[in-house]
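>>> sequence unavailable; structure follows:
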DNA sequence: ATGCACGTGCAACGGTATTGCATCTGTATG
DNA sequence: CATACAGATGCAATACCGTTGCACGTGCAT
(Lines give C-alpha, C1' and ligand atoms only; values in the text may rest on other atoms or scores of the structure.)
Protein backbone atom coordinates (compact mmCIF):
# COMPACT_ATOMS: atom_id res chain seq x y z
CA UNK A 1 0.00 0.00 0.00
CA UNK A 2 2.76 2.38 0.71
CA UNK A 3 4.09 1.76 -2.77
CA UNK A 4 1.93 3.79 -4.96
CA UNK A 5 0.90 1.89 -7.99
CA UNK A 6 2.73 3.39 -10.87
CA UNK A 7 4.77 6.28 -9.68
CA UNK A 8 8.06 4.67 -9.06
CA UNK A 9 10.22 7.55 -10.19
CA UNK A 10 8.95 10.33 -8.13
CA UNK A 11 11.01 13.30 -8.89
CA UNK A 12 9.88 16.81 -8.85
CA UNK A 13 9.81 16.85 -12.60
CA UNK A 14 7.59 14.71 -14.73
CA UNK A 15 8.16 11.06 -14.20
CA UNK A 16 7.74 9.03 -17.31
CA UNK A 17 5.14 6.97 -15.57
CA UNK A 18 2.98 9.91 -14.84
CA UNK A 19 3.49 11.30 -18.27
CA UNK A 20 2.40 8.03 -19.74
CA UNK A 21 -0.55 7.92 -17.43
CA UNK A 22 -1.64 11.28 -18.52
CA UNK A 23 -1.24 10.50 -22.14
CA UNK A 24 -3.24 7.35 -21.81
CA UNK A 25 -5.98 9.16 -20.03
CA UNK A 26 -6.07 11.96 -22.47
CA UNK A 27 -6.38 9.46 -25.26
CA UNK A 28 -9.67 8.36 -23.83
CA UNK A 29 -8.34 5.11 -22.49
CA UNK A 30 -8.34 3.83 -18.99
CA UNK A 31 -5.09 3.83 -17.21
CA UNK A 32 -4.38 0.28 -16.27
CA UNK A 33 -1.16 -1.31 -15.07
CA UNK A 34 -0.93 -3.30 -18.25
CA UNK A 35 -1.07 -0.21 -20.39
CA UNK A 36 1.39 1.58 -18.22
CA UNK A 37 3.73 -1.35 -18.44
CA UNK A 38 3.46 -1.42 -22.20
CA UNK A 39 4.07 2.28 -22.44
CA UNK A 40 7.05 2.17 -20.14
CA UNK A 41 8.47 -0.77 -21.92
CA UNK A 42 8.22 1.05 -25.18
CA UNK A 43 9.67 4.17 -23.68
CA UNK A 44 12.60 2.24 -22.31
CA UNK A 45 13.37 0.76 -25.69
CA UNK A 46 15.53 2.50 -28.17
CA UNK A 47 13.94 0.99 -31.21
CA UNK A 48 10.74 -0.53 -32.35
CA UNK A 49 9.78 -3.62 -30.44
CA UNK A 50 7.84 -6.56 -31.62
CA UNK A 51 4.70 -7.70 -29.96
CA UNK A 52 6.40 -10.99 -29.27
CA UNK A 53 9.25 -9.27 -27.48
CA UNK A 54 6.99 -7.16 -25.36
CA UNK A 55 4.81 -10.11 -24.57
CA UNK A 56 7.81 -12.17 -23.56
CA UNK A 57 9.04 -9.41 -21.30
CA UNK A 58 5.71 -8.63 -19.77
CA UNK A 59 4.29 -12.06 -19.30
CA UNK A 60 4.64 -14.10 -16.22
CA UNK A 61 8.29 -15.04 -16.22
CA UNK A 62 9.53 -11.54 -16.60
CA UNK A 63 12.20 -10.10 -14.41
CA UNK A 64 10.00 -7.61 -12.77
CA UNK A 65 7.50 -9.04 -10.41
CA UNK A 66 4.08 -7.68 -10.81
CA UNK A 67 4.18 -8.23 -14.50
CA UNK A 68 2.46 -11.24 -15.84
CA UNK A 69 0.17 -9.66 -18.34
CA UNK A 70 -1.47 -11.70 -20.95
CA UNK A 71 -0.19 -11.79 -24.45
CA UNK A 72 -3.61 -10.94 -25.79
CA UNK A 73 -3.87 -8.00 -23.45
CA UNK A 74 -0.58 -6.64 -24.62
CA UNK A 75 -1.63 -7.13 -28.17
CA UNK A 76 -4.90 -5.34 -27.65
CA UNK A 77 -3.20 -2.57 -25.79
CA UNK A 78 -0.74 -2.08 -28.57
CA UNK A 79 -3.53 -1.93 -31.08
CA UNK A 80 -5.54 0.47 -28.98
CA UNK A 81 -2.58 2.68 -28.33
CA UNK A 82 -1.85 2.65 -32.01
CA UNK A 83 -5.37 3.66 -32.82
CA UNK A 84 -5.20 6.30 -30.17
CA UNK A 85 -2.16 7.72 -31.88
CA UNK A 86 0.30 7.16 -29.08
CA UNK A 87 2.14 4.38 -30.81
CA UNK A 88 3.09 3.64 -34.37
CA UNK A 89 3.15 0.27 -35.96
CA UNK A 90 5.77 -0.47 -38.55
CA UNK A 91 6.69 -3.43 -40.63
CA UNK A 92 10.33 -3.74 -41.42
CA UNK A 93 10.38 -6.58 -43.84
CA UNK A 94 10.43 -9.56 -41.62
CA UNK A 95 7.04 -10.81 -40.81
CA UNK A 96 6.63 -9.05 -37.56
CA UNK A 97 4.99 -5.84 -36.65
CA UNK A 98 6.97 -3.54 -34.49
CA UNK A 99 5.60 -0.89 -32.23
CA UNK A 100 7.21 2.30 -31.22
CA UNK A 101 6.26 5.22 -29.11
CA UNK A 102 5.17 8.06 -31.23
CA UNK A 103 7.02 11.30 -31.14
CA UNK A 104 7.13 12.63 -27.65
CA UNK A 105 9.45 15.48 -28.14
CA UNK A 106 9.22 17.70 -25.13
CA UNK A 107 8.48 20.69 -27.27
CA UNK A 108 5.87 18.84 -29.15
CA UNK A 109 7.65 18.80 -32.44
CA UNK A 110 6.57 15.55 -33.86
CA UNK A 111 9.46 13.35 -34.78
CA UNK A 112 7.04 12.10 -37.30
CA UNK A 113 8.55 9.36 -39.32
CA UNK A 114 12.15 8.61 -38.92
CA UNK A 115 13.95 6.07 -41.02
CA UNK A 116 14.69 2.60 -39.79
CA UNK A 117 17.66 0.49 -40.52
CA UNK A 118 17.47 -3.24 -40.37
CA UNK A 119 20.46 -5.51 -40.54
CA UNK A 120 19.89 -8.35 -42.94
CA UNK A 121 22.43 -10.40 -41.09
CA UNK A 122 21.49 -10.27 -37.45
CA UNK A 123 18.05 -8.79 -37.85
CA UNK A 124 18.80 -5.93 -35.54
CA UNK A 125 16.77 -2.82 -36.01
CA UNK A 126 18.01 0.67 -35.50
CA UNK A 127 16.05 3.81 -35.26
CA UNK A 128 17.71 6.45 -37.33
CA UNK A 129 16.23 9.18 -35.31
CA UNK A 130 19.02 11.60 -35.78
CA UNK A 131 19.23 11.00 -39.47
CA UNK A 132 17.51 12.52 -42.35
CA UNK A 133 16.80 10.93 -45.64
CA UNK A 134 16.49 13.08 -48.68
CA UNK A 135 15.28 11.80 -51.98
CA UNK A 136 16.48 13.76 -54.90
CA UNK A 137 15.41 13.31 -58.47
CA UNK A 138 18.75 13.36 -60.14
CA UNK A 139 22.08 11.87 -59.16
CA UNK A 140 23.63 15.22 -58.66
CA UNK A 141 25.72 16.11 -55.69
CA UNK A 142 23.31 16.52 -52.88
CA UNK A 143 25.69 16.87 -50.04
CA UNK A 144 24.81 20.38 -49.19
CA UNK A 145 21.59 22.21 -49.05
CA UNK A 146 20.02 20.01 -46.50
CA UNK A 147 16.47 19.57 -47.28
CA UNK A 148 14.22 19.60 -44.29
CA UNK A 149 10.75 18.22 -44.34
CA UNK A 150 12.19 14.89 -43.48
CA UNK A 151 11.61 12.04 -45.80
CA UNK A 152 9.18 13.62 -48.09
CA UNK A 153 9.49 13.00 -51.72
CA UNK A 154 8.62 15.67 -54.13
CA UNK A 155 5.17 15.03 -55.38
CA UNK A 156 4.58 14.70 -59.03
CA UNK A 157 7.81 12.86 -59.42
CA UNK A 158 7.66 9.32 -60.54
CA UNK A 159 4.67 7.57 -59.15
CA UNK A 160 5.20 8.35 -55.56
CA UNK A 161 2.20 9.86 -53.93
CA UNK A 162 3.35 10.09 -50.37
CA UNK A 163 6.02 8.33 -48.43
CA UNK A 164 5.04 7.04 -45.06
CA UNK A 165 8.06 5.04 -44.17
CA UNK A 166 11.71 4.86 -45.03
CA UNK A 167 13.52 1.62 -44.58
CA UNK A 168 17.17 0.93 -45.10
CA UNK A 169 18.55 -2.55 -45.28
CA UNK A 170 22.11 -3.59 -45.01
CA UNK A 171 24.62 -4.74 -42.50
CA UNK A 172 25.23 -3.21 -39.19
CA UNK A 173 28.75 -2.57 -38.01
CA UNK A 174 28.82 -5.68 -35.93
CA UNK A 175 27.99 -7.88 -38.86
CA UNK A 176 30.38 -6.38 -41.33
CA UNK B 1 -1.02 -20.38 -74.04
CA UNK B 2 0.66 -22.20 -76.85
CA UNK B 3 3.82 -22.48 -74.88
CA UNK B 4 4.11 -26.13 -74.40
CA UNK B 5 5.97 -27.39 -71.42
CA UNK B 6 8.53 -28.72 -73.78
CA UNK B 7 11.22 -26.82 -75.47
CA UNK B 8 9.72 -24.41 -77.86
CA UNK B 9 13.36 -24.32 -78.51
CA UNK B 10 15.53 -21.65 -79.80
CA UNK B 11 14.13 -21.10 -83.19
CA UNK B 12 13.87 -17.40 -83.13
CA UNK B 13 15.31 -15.25 -80.45
CA UNK B 14 15.14 -16.55 -76.94
CA UNK B 15 11.77 -17.57 -75.59
CA UNK B 16 11.21 -16.53 -72.05
CA UNK B 17 11.01 -20.14 -71.13
CA UNK B 18 14.48 -20.81 -72.33
CA UNK B 19 15.80 -17.69 -70.74
CA UNK B 20 14.31 -18.75 -67.47
CA UNK B 21 15.68 -22.21 -67.95
CA UNK B 22 19.11 -20.88 -68.46
CA UNK B 23 18.94 -18.63 -65.49
CA UNK B 24 17.80 -21.42 -63.30
CA UNK B 25 20.57 -23.63 -64.47
CA UNK B 26 23.21 -21.01 -64.08
CA UNK B 27 22.04 -20.45 -60.56
CA UNK B 28 23.02 -23.99 -59.75
CA UNK B 29 19.50 -25.27 -59.53
CA UNK B 30 17.86 -27.99 -61.47
CA UNK B 31 15.49 -26.98 -64.12
CA UNK B 32 12.19 -28.51 -63.25
CA UNK B 33 8.74 -27.77 -64.60
CA UNK B 34 7.67 -26.38 -61.28
CA UNK B 35 10.50 -23.89 -61.25
CA UNK B 36 9.88 -22.94 -64.80
CA UNK B 37 6.24 -22.40 -64.04
CA UNK B 38 7.09 -20.23 -61.08
CA UNK B 39 9.54 -18.20 -63.07
CA UNK B 40 7.15 -17.73 -65.93
CA UNK B 41 4.38 -16.81 -63.62
CA UNK B 42 6.54 -14.21 -62.02
CA UNK B 43 7.69 -12.97 -65.36
CA UNK B 44 4.14 -12.62 -66.54
CA UNK B 45 3.30 -10.48 -63.56
CA UNK B 46 4.31 -6.92 -63.48
CA UNK B 47 4.14 -6.62 -59.76
CA UNK B 48 5.09 -8.67 -56.76
CA UNK B 49 2.99 -11.73 -56.22
CA UNK B 50 2.22 -13.43 -52.99
CA UNK B 51 3.03 -17.01 -52.40
CA UNK B 52 -0.65 -17.64 -51.86
CA UNK B 53 -1.49 -16.18 -55.24
CA UNK B 54 1.12 -18.15 -57.04
CA UNK B 55 0.14 -21.29 -55.25
CA UNK B 56 -3.49 -20.74 -56.14
CA UNK B 57 -2.62 -20.26 -59.77
CA UNK B 58 -0.21 -23.11 -60.02
CA UNK B 59 -2.01 -25.72 -58.04
CA UNK B 60 -4.38 -28.18 -59.50
CA UNK B 61 -7.25 -26.05 -60.68
CA UNK B 62 -5.13 -23.63 -62.55
CA UNK B 63 -5.75 -22.49 -66.08
CA UNK B 64 -2.83 -24.33 -67.36
CA UNK B 65 -3.36 -28.00 -67.54
CA UNK B 66 -0.36 -29.90 -66.48
CA UNK B 67 0.19 -27.56 -63.62
CA UNK B 68 -0.89 -28.80 -60.25
CA UNK B 69 2.22 -28.14 -58.30
CA UNK B 70 2.20 -28.38 -54.61
CA UNK B 71 2.01 -25.36 -52.43
CA UNK B 72 5.08 -26.42 -50.51
CA UNK B 73 6.99 -26.94 -53.71
CA UNK B 74 6.16 -23.48 -54.88
CA UNK B 75 7.16 -22.09 -51.55
CA UNK B 76 10.45 -23.89 -51.59
CA UNK B 77 11.11 -22.84 -55.11
CA UNK B 78 10.45 -19.25 -54.26
CA UNK B 79 12.82 -19.44 -51.35
CA UNK B 80 15.47 -21.17 -53.38
CA UNK B 81 15.15 -18.74 -56.20
CA UNK B 82 15.36 -15.95 -53.70
CA UNK B 83 18.51 -17.36 -52.22
CA UNK B 84 19.88 -17.88 -55.68
CA UNK B 85 19.36 -14.21 -56.33
CA UNK B 86 16.84 -14.56 -59.13
CA UNK B 87 13.92 -13.36 -57.08
CA UNK B 88 13.43 -10.79 -54.41
CA UNK B 89 11.13 -11.11 -51.47
CA UNK B 90 9.42 -8.04 -50.14
CA UNK B 91 6.98 -7.32 -47.41
CA UNK B 92 4.49 -4.60 -47.99
CA UNK B 93 2.98 -4.17 -44.59
CA UNK B 94 0.34 -6.78 -44.58
CA UNK B 95 1.82 -9.92 -43.29
CA UNK B 96 2.39 -11.54 -46.60
CA UNK B 97 5.57 -11.95 -48.47
CA UNK B 98 5.60 -11.04 -52.09
CA UNK B 99 8.01 -12.29 -54.67
CA UNK B 100 9.24 -10.55 -57.72
CA UNK B 101 11.67 -11.35 -60.47
CA UNK B 102 14.90 -9.62 -59.86
CA UNK B 103 16.35 -7.29 -62.38
CA UNK B 104 18.36 -9.03 -64.98
CA UNK B 105 21.92 -8.49 -64.04
CA UNK B 106 23.50 -9.38 -67.32
CA UNK B 107 27.01 -9.39 -66.08
CA UNK B 108 26.06 -10.97 -62.83
CA UNK B 109 27.39 -8.14 -60.78
CA UNK B 110 25.13 -6.60 -58.28
CA UNK B 111 22.83 -4.10 -59.74
CA UNK B 112 23.07 -0.52 -58.75
CA UNK B 113 21.65 0.64 -55.48
CA UNK B 114 18.42 2.04 -56.68
CA UNK B 115 15.67 2.58 -54.19
CA UNK B 116 12.33 0.90 -54.40
CA UNK B 117 9.02 2.41 -53.67
CA UNK B 118 6.18 0.21 -52.70
CA UNK B 119 2.60 1.29 -52.39
CA UNK B 120 1.04 -0.09 -49.28
CA UNK B 121 -2.34 0.29 -50.86
CA UNK B 122 -2.15 -1.40 -54.21
CA UNK B 123 1.10 -3.22 -53.73
CA UNK B 124 2.67 -1.69 -56.78
CA UNK B 125 6.40 -1.43 -56.77
CA UNK B 126 8.33 1.25 -58.54
CA UNK B 127 12.01 1.18 -59.15
CA UNK B 128 13.30 4.63 -58.44
CA UNK B 129 16.12 4.29 -60.83
CA UNK B 130 16.68 7.94 -61.39
CA UNK B 131 16.47 8.86 -57.78
CA UNK B 132 19.10 9.15 -55.20
CA UNK B 133 18.75 8.77 -51.51
CA UNK B 134 21.08 10.60 -49.24
CA UNK B 135 21.31 9.93 -45.57
CA UNK B 136 22.56 12.86 -43.63
CA UNK B 137 22.76 13.61 -39.98
CA UNK B 138 20.03 15.87 -38.90
CA UNK B 139 21.30 19.40 -38.54
CA UNK B 140 20.01 19.85 -35.07
CA UNK B 141 19.53 17.15 -32.58
CA UNK B 142 16.29 16.88 -30.75
CA UNK B 143 17.84 17.94 -27.51
CA UNK B 144 21.23 19.30 -26.72
CA UNK B 145 23.81 17.78 -24.53
CA UNK B 146 21.88 14.87 -23.26
CA UNK B 147 20.81 11.84 -25.06
CA UNK B 148 17.07 11.76 -25.19
CA UNK B 149 15.40 8.47 -24.79
CA UNK B 150 15.06 6.63 -28.01
CA UNK B 151 16.84 9.24 -29.97
CA UNK B 152 19.83 7.23 -30.86
CA UNK B 153 20.83 3.65 -31.24
CA UNK B 154 22.92 2.15 -28.54
CA UNK B 155 26.54 2.94 -29.02
CA UNK B 156 28.53 0.19 -30.59
CA UNK B 157 25.48 -1.69 -31.57
CA UNK B 158 23.24 -1.68 -34.54
CA UNK B 159 25.04 1.06 -36.29
CA UNK B 160 24.95 1.17 -39.98
CA UNK B 161 27.77 -0.65 -41.60
CA UNK B 162 26.66 -0.65 -45.17
CA UNK B 163 23.34 -0.05 -46.79
CA UNK B 164 22.38 -2.52 -49.45
CA UNK B 165 18.81 -1.59 -50.09
CA UNK B 166 16.59 1.41 -49.74
CA UNK B 167 12.89 0.86 -49.51
CA UNK B 168 10.27 3.53 -49.34
CA UNK B 169 6.73 2.78 -48.40
CA UNK B 170 3.74 4.92 -48.97
CA UNK B 171 0.99 5.52 -51.41
CA UNK B 172 1.38 5.84 -55.08
CA UNK B 173 -0.35 8.59 -56.97
CA UNK B 174 -3.14 6.34 -58.05
CA UNK B 175 -4.00 5.40 -54.52
CA UNK B 176 -3.85 8.84 -53.03
C1' DA C 1 -19.17 2.37 -1.16
C1' DT C 2 -21.39 1.16 -5.39
C1' DG C 3 -22.33 0.24 -10.29
C1' DC C 4 -21.30 0.35 -14.86
C1' DA C 5 -18.47 -0.05 -18.64
C1' DC C 6 -14.19 -1.04 -19.96
C1' DG C 7 -10.09 -3.95 -19.56
C1' DT C 8 -8.10 -8.52 -18.72
C1' DG C 9 -7.09 -13.48 -18.75
C1' DC C 10 -7.77 -17.80 -20.76
C1' DA C 11 -8.19 -20.48 -24.48
C1' DA C 12 -9.29 -21.43 -28.91
C1' DC C 13 -9.28 -20.23 -33.88
C1' DG C 14 -7.37 -19.09 -38.40
C1' DG C 15 -4.06 -18.37 -41.73
C1' DT C 16 0.56 -18.41 -43.38
C1' DA C 17 5.01 -20.12 -43.25
C1' DT C 18 7.84 -24.09 -42.60
C1' DT C 19 9.52 -28.84 -42.39
C1' DG C 20 9.89 -34.36 -42.50
C1' DC C 21 9.81 -38.04 -45.17
C1' DA C 22 8.90 -41.21 -48.87
C1' DT C 23 8.74 -41.06 -53.75
C1' DC C 24 9.87 -39.32 -58.17
C1' DT C 25 12.80 -36.91 -61.67
C1' DG C 26 16.57 -34.25 -63.80
C1' DT C 27 21.31 -34.70 -64.78
C1' DA C 28 25.72 -36.67 -65.03
C1' DT C 29 28.20 -40.82 -65.79
C1' DG C 30 29.58 -45.46 -67.88
C1' DC D 1 21.29 -45.68 -74.10
C1' DA D 2 20.84 -47.44 -69.47
C1' DT D 3 21.89 -46.49 -64.74
C1' DA D 4 22.59 -44.21 -60.33
C1' DC D 5 22.58 -40.49 -57.43
C1' DA D 6 21.56 -35.98 -55.73
C1' DG D 7 18.20 -33.05 -55.76
C1' DA D 8 13.15 -31.88 -56.28
C1' DT D 9 8.33 -32.91 -55.38
C1' DG D 10 3.99 -34.15 -53.05
C1' DC D 11 1.55 -34.94 -49.04
C1' DA D 12 0.67 -33.90 -44.66
C1' DA D 13 1.80 -32.41 -40.30
C1' DT D 14 3.79 -28.74 -37.49
C1' DA D 15 4.95 -24.25 -35.64
C1' DC D 16 4.10 -19.75 -35.10
C1' DC D 17 1.96 -15.39 -34.80
C1' DG D 18 -1.88 -12.64 -34.81
C1' DT D 19 -6.60 -12.35 -33.61
C1' DT D 20 -11.01 -12.99 -31.26
C1' DG D 21 -15.01 -14.77 -27.92
C1' DC D 22 -16.40 -14.99 -23.55
C1' DA D 23 -16.57 -14.74 -18.58
C1' DC D 24 -14.53 -12.35 -14.91
C1' DG D 25 -11.90 -8.55 -12.71
C1' DT D 26 -10.99 -3.61 -12.19
C1' DG D 27 -10.72 1.56 -13.01
C1' DC D 28 -13.31 5.36 -12.52
C1' DA D 29 -17.27 8.30 -11.93
C1' DT D 30 -21.05 8.82 -8.95
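Perfect, thanks for sending it. Just so you know, these numbers come straight off a predicted model, no measurement behind them.
>>> adjacent strands (with direction) for the longest strand anywhere in chain A?
Longest strand in chain A by number of residues (criterion: DSSP state E): strand A:160-172. Here strand A:160-172 is paired, per DSSP bridges, with strand A:116-119 (parallel), strand B:160-172 (antiparallel).
>>> single out the most deeply packed of those.
Mean neighbour count, computed with mean count of other Cβ atoms under 10 Å in any protein chain shown, is highest for strand A:116-119 among the strands paired with strand A:160-172, reaching a mean of 24. For glycine as for every other residue, the C-beta is placed from the backbone atoms N, C-alpha and C.
>>> what does that strand contact?
For strand A:116-119, contacts defined as Cβ atoms under 8 Å, 6 or more residues apart in numbering or on different chains pick out A:47-48, A:90, A:92-94, A:124-128, A:165-172, A:174-175, B:158, B:160-161, B:163.
>>> before we move on, the earlier item: and of the strands paired with strand A:160-172, who's closest to DNA strand D?
Among the strands paired with strand A:160-172, strand A:116-119 comes nearest to DNA strand D, with 15.3 Å by Cβ to the nearest atom of the strand.
>>> what's the first helix or strand after the closest one?
Going down the chain from strand A:116-119, the next helix or strand is strand A:125-127, by DSSP states H and E.
>>> check which helices and strands the very next helix or strand once past that next one sits against.
Per DSSP H and E, the first helix or strand lying C-terminal to strand A:125-127 is strand A:131-136. Packing partners of strand A:131-136 (3 or more Cβ pairs under 8 Å, 6 or more residues apart in numbering or on different chains; DSSP states H and E): strand A:160-172, strand B:132-137.
>>> how about 10 Å then?
Packed against strand A:131-136, as judged by 3 or more Cβ pairs under 10 Å, 6 or more residues apart in numbering or on different chains; DSSP states H and E, are the following elements: strand A:160-172, strand B:132-137, strand B:160-172.
>>> out of those, which gets the lowest mean score?
In terms of average pLDDT, strand B:132-137 trails the rest of these, at a mean of 77.
>>> please identify the buried residues of it?
For strand B:132-137, the neighbour count (16 or more other Cβ atoms under 10 Å in any protein chain shown) marks B:132, B:133, B:135 as buried.
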